[in-house]
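Engineer: A predicted structure for the sequence below; I have some questions about it.
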Amino acid sequence: MGKIIFYEDRNFQGRSYDCMSDCTDISSYLSRVGSVRVESGCFMLYERNSYMGNQFFMRKGEYHDMQRMMSMGMMFDTIRSCRMIPPYRGSYRMRIYERDNFGGQMYELMDDCDSIMDRYRMSDCQSCHVMDGHWLFYEQPHYRGRMAYFRPGEYRSFRDMGYSNMRFMSMRRITDMC
């Protein structure tokens with residue numbers, strides 16, 4: 001079981017909220033988030049309520065202030081919801097597709113891909129089917145830029161999911177001991 005603690009102020013000061021599962025609205029517990037401590041497990045943080053907006057992956061550690069988190073690649077300064085990533089120790093398998101509704105070129109991944117353009121000559125990825133494991137997608141090659149979390153399931157249209165202005169160019173398995 002994972003545990004993350006949100007604090008209203010920097011350096012783990014002010015009111016706090018302990019979370020051990022998914023939370024759709026952190027603002028119902030705190031007026032703002034100034035620092036975060038992940039005591040166990042892995043979590044995705046979201047810019048907006050109900051797991052919407054930009055996302056950021058966090059593993060066990062102490063994050064003293066928002067500036068530190070932003071220097072690590074977080075692309076937003078407000079945390080409104082979080083999702084716990086369950087522990088997983090199995091195999092990883094996913095199919096990525098060039099177009100919506102599983103159309104166009106299809107490739108199956110079982111390991112990390114630092115550039116779909118270099119590996120597959122694929123310039124865009126608009127849908128996927130995650131069969132096994134938990135994955136992070138990145139908008140730029142080499143695991144850079146904004147990210148999105150995908151767990152097992154069918155994702156027919158990234159555009160319909162709110163990623164209309166993003167192109168995913170690299171994918172990584174979440175292999176941390178979450």
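Structural biologist: Alright, I've got the coordinates.

Engineer: relative to I85, how far out is M147?
Structural biologist: Distance, M147 to I85, using C-beta to C-beta, to the nearest Å: 13 Å. In short, each C-beta sits where N, CA and C put it, glycine included.

Engineer: more neighbours: the two, which one.
Structural biologist: M147 (24 against 20; other C-beta atoms under 10 Å).

Engineer: outline the domain layout of the chain.
Structural biologist: What the TED database lists as the domains of the chain is 3-85, 93-173.

Engineer: ends of the longest one, what's the gap?
Structural biologist: Terminal residues of domain 3-85 lie 11 Å apart, using C-alpha to C-alpha, to the nearest Å.

Engineer: state the mean pLDDT of that domain.
Structural biologist: Domain 3-85 carries an average pLDDT of 93.

Engineer: next: the shortest one.
Structural biologist: Domain 93-173 shows a mean pLDDT of 95.

Engineer: looking at it, E62 is touching R10, isn't it?
Structural biologist: No: taking contacts as C-beta atoms under 8 Å, E62 lies outside contact range of R10: 11.7 Å.

Engineer: which residues do the two both contact?
Structural biologist: By C-beta atoms under 8 Å, 6 or more residues apart in numbering, E62 and R10 have these common neighbours: S35.

Engineer: where do the helices of the chain begin and end?
Structural biologist: Along the chain, counting by DSSP state H, helices occupy 66-71, 116-120.

Engineer: by contact count, what packs against the shortest one?
Structural biologist: Contacts of helix 116-120 with other secondary structure elements, assessed using 3 or more C-beta pairs under 8 Å, 6 or more residues apart in numbering; DSSP states H and E, are made with strand 103-109.

Engineer: since that was my last question, I'll sign off now.
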